[in-house]
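Trainee: mind folding the following:
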Amino acid sequence: LVGHCVNFLPLRLSADLKAGFSDHLRGIGGAVLDALEHQNFDFLSFVQEVQPHRDADWAPLVSIGVNLDPSAKKMGFADLEVEAGSVGRAFENLDLFLNFVETDSDVELQCTFNTALFDEATIRRRMQEYLRLLAAAAADPAAPLGALEIIGAEDTQRLLVDWNGVATDYPRDASLADLFRGVAELHAGKTALLVADSPTDATPTRRVSYAELDRLSDQWAARLRDAGVGRGAFVGLMLPRSLDLIVGMLAALKAGAGYVPIEPGIPAAATQLIVENSQAVALLTHSSLAESLEAEGVAVLAMDAPQPELVDGQAPEVAADGGDPAYIMYTSGSTGAAKGVVVPQRAVTRLVRGGDSALLDATKVLALLAPASFDASTFEIWGALLNGATLGVPTGDQLPELSRLEDILKSSGVTTLWLTAAL
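Mentor: Numbers count the residues shown, from 1 in each chain. All right, here's what the predicted structure looks like:
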């Protein structure tokens with residue numbers, strides 16, 4: 001009988017990384033012998049019985065195949081001379097297939113792979129790692145699997161040193177307030193914010209310069225200082241996307257405090273928990289939201305209500321630095337009580353100044369699409385305000401529907417976006 005007589009034997013195997021290689025090998029040998037007891041139940045029948053999800057791009061149930069071709073010396077055909085050779089596979093229906101071929105002197109490892117998943121350079125690296133693993137196991141069979149080296153000195157240098165040499169120079173000790181003041185002085189007449197006053201507006205209705213934003217936030221920083229806010233305190237911001245939200249963030253930082261974004265639409269109990277847990281001493285909001293707040297001992301200031309005359313002039317100097325808190329951001333609490341994470345100011349600076357993940361400068365226009373309580377807003381807001389760029393601010397609590405979002409991006413001339421994968 002001449003032909004390709006193969007019965008594909010599926011195996012489900014696992015590895016205990018604390019076990020030694022010799023123990024692991026014995027366990028695998030036992031699993032293979034157990035499987036061979038059922039080899040007459042062929043793979044095709046097994047697939048038909050299990051009826052897994054089928055896809056023309058993938059083999060059912062298994063993704064990796066292993067085969068051992070025995071030495072040709074074992075093949076006797078009377079007077080017929082036999083010379084073993086390897087027939088390359090032009091196609092591979094598995095993700096990865098390893099073929100071990102016994103030769104006169106050693107064992108040849110052949111590997112075929114799905115080119116839609118891997119390239120040749122990647123597979124060569126994986127095979128070198130596999131051979132290094134086998135060598136380490138042979139040298140010390142009792143060593144735990146998890147302790148065996150698979151990465152060589154050259155790759156270790158590349159992974160741990162070369163690719164990690166990404167240190168950048170950035171103003172790590174400066175406060176966000178001081179950095180913003182420097183940007184506002186340099187770009188005083190430039191547009192800092194493009195604001196749509198109504199959630200239905202797709203076109204910005206107000207332009208706010210850096211000088212104006214600096215002045216407004218100074219005024220509100222003075223109000224917060226008068227309300228008892230100082231260095232190390234926290235200010236709640238229960239505001240929708242708006243000019244007031246940006247002014248409130250800057251005002252809190254200029255007063256020496258950190259800010260705590262609170263989504264206007266969350267339940268009252270969640271708001272109460274965040275205010276109490278953060279120990280906020282003041283809360284900036286709008287009149288329609290202030291009526292429902294129960295914040296005993298917290299100064300509630302409605303930014304849209306008539307205010308005493310605000311005096312122009314720089315906010316009082318506060319000795320904050322890069323190690324002071326920038327904000328506390330809370331989880332949704334979907335798996336229990338909401339939990340807050342305190343983010344230092346230098347972490348914000350490191351994200352948007354001196355890095356190369358995104359080119360941010362005064363020529364860029366960003367859009368504030370994320371809720372203030374979602375960390376993507378950090379990149380959007382401070383990526384603009386600490387680089388002299390312009391920030392488009394569509395007003396409202398919700399993300400604009402896609403048709404209006406397109407109009408917003410076009411009308412504001414947005415050049416840089418941070419979007420979730422779904423968008």
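Trainee: any idea which helix or strand carries R12?
Mentor: Using DSSP states H and E, R12 sits within no helix or strand.
Trainee: and it, how far is that from F41?
Mentor: 15 Å (CB to CB, to the nearest Å). For every residue, glycine as well, the C-beta is placed using N, CA and C.
Trainee: of these two, who's got more company?
Mentor: F41 (12 against 8; other CB atoms under 10 Å).
Trainee: could you give the backbone dihedrals for the residue nearest to K190 when sequence neighbours are not counted?
Mentor: Among residues not flanking K190 along the chain, Y210 sits closest, at 5.6 Å (CB to CB, 6 or more residues apart in numbering). Y210 has phi and psi values of phi -60, psi -40 when expressed as degrees, to the nearest 10.
Trainee: let me see the ranges of the strands in the stretch 301-423 of the chain.
Mentor: 325-330, 340-344, 365-367, 390-394 (DSSP state E, counting those that start in this stretch).
Trainee: check which residues of the second one are buried.
Mentor: Of the residues in strand 340-344, those with enough neighbours to count as buried (16 or more other CB atoms under 10 Å) are 340, 343-344.
Trainee: which helices and strands does that strand pack with?
Mentor: Applying 3 or more CB pairs under 8 Å, 6 or more residues apart in numbering; DSSP states H and E, one finds that strand 340-344 contacts helix 268-278, strand 325-330.
Trainee: and the shortest one, by the same measure?
Mentor: Judged by 3+ CB pairs under 8 Å, 6+ apart, strand 365-367 is in contact with helix 376-385, strand 390-394, helix 402-412.
Trainee: least reliable of those going by mean pLDDT?
Mentor: The weakest mean pLDDT among the helices and strands packed on strand 365-367 belongs to helix 402-412, with a mean of 80.
Trainee: contacts for stretch 205-221, please.
Mentor: The contact list for stretch 205-221 (CB atoms under 8 Å, 6 or more residues apart in numbering) reads 180-181, 183-184, 187-198, 243, 246-248, 250-252, 254-255, 284, 303, 310-316, 385, 388.
Trainee: in PDB, list the C-alpha atoms belonging to it.
Mentor: Only the C-alpha atoms of stretch 205-221 are listed here, as PDB (Å, rounded to 0.1, in the frame of the first residue of the first chain):
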ATOM      1  CA  THR A 205     -20.500  79.100  18.400                       C
ATOM      2  CA  ARG A 206     -17.700  80.500  20.600                       C
ATOM      3  CA  ARG A 207     -14.000  80.800  20.400                       C
ATOM      4  CA  VAL A 208     -12.100  81.100  23.700                       C
ATOM      5  CA  SER A 209      -8.500  82.300  23.500                       C
ATOM      6  CA  TYR A 210      -5.800  81.100  25.800                       C
ATOM      7  CA  ALA A 211      -5.700  84.500  27.500                       C
ATOM      8  CA  GLU A 212      -9.400  84.400  28.200                       C
ATOM      9  CA  LEU A 213      -9.300  80.800  29.500                       C
ATOM     10  CA  ASP A 214      -6.400  81.800  31.700                       C
ATOM     11  CA  ARG A 215      -8.300  84.800  33.100                       C
ATOM     12  CA  LEU A 216     -11.600  82.900  33.700                       C
ATOM     13  CA  SER A 217      -9.800  80.000  35.500                       C
ATOM     14  CA  ASP A 218      -7.900  82.500  37.600                       C
ATOM     15  CA  GLN A 219     -11.200  84.100  38.700                       C
ATOM     16  CA  TRP A 220     -12.700  80.800  39.700                       C
ATOM     17  CA  ALA A 221      -9.500  79.700  41.400                       C
END
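Trainee: so for stretch 186-206, mean pLDDT?
Mentor: Averaging pLDDT along stretch 186-206 yields 86.
Trainee: most distant residue from the centre of this structure?
Mentor: In the chain, the residue that sits farthest from the middle, by CA atoms, centre = their mean, is D79; the gap is 66.9 Å.
Trainee: circling back: just put the helices and strands packed on strand 365-367 in JSON lines and tack on distance to G297 and mean neighbour count.
Mentor: Shown next, in JSON lines, are the helices and strands packed on strand 365-367 (distance: least, CB to CB, whole Å; neighbours: other CB atoms under 10 Å):
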{"stretch": "helix 376-385", "distance to G297": "28", "mean neighbour count": "22"}
{"stretch": "strand 390-394", "distance to G297": "31", "mean neighbour count": "26"}
{"stretch": "helix 402-412", "distance to G297": "40", "mean neighbour count": "15"}
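Trainee: closest to A295 out of the ones you listed?
Mentor: helix 376-385 (23.1 Å; CB to CB).
Trainee: how close does V365 sit to R125?
Mentor: For V365 relative to R125 (CB to CB), the value is 42 Å.
Trainee: if you could redo that for F118, that was the one I meant.
Mentor: 10 Å.
Trainee: what's the answer for L194, then?
Mentor: L194 sits 48 Å away from R125, going by CB to CB.
Trainee: higher neighbour count, those two?
Mentor: Ranked by neighbour count (other CB under 10 Å), L194 and R125 place L194 first, with 24 against 13.
Trainee: now name the helix or strand holding the more buried one.
Mentor: strand 191-196.
Trainee: tell me the spacing between the residue nearest to K190 and P394.
Mentor: 20 Å.
Trainee: repeat for S412
Mentor: Separation of S412 from P394 (CB to CB): 8 Å.
Trainee: now S287
Mentor: 21 Å.
Trainee: show me what contacts G230?
Mentor: Applying CB under 8 Å, 6+ apart to G230 gives the contacts 255-257, 318.
Trainee: by neighbours, which of these wins?
Mentor: A255 (30 neighbours).
Trainee: so for that one, what's the pLDDT?
Mentor: Model confidence at A255, given as pLDDT, is 94.
Trainee: circling back to that earlier point, now render the helices and strands packed on strand 365-367 as TSV, adding distance to G20.
Mentor: Formatted as TSV, the helices and strands packed on strand 365-367 follow (distance: least, CB to CB, whole Å):
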stretch	distance to G20
helix 376-385	46
strand 390-394	58
helix 402-412	57
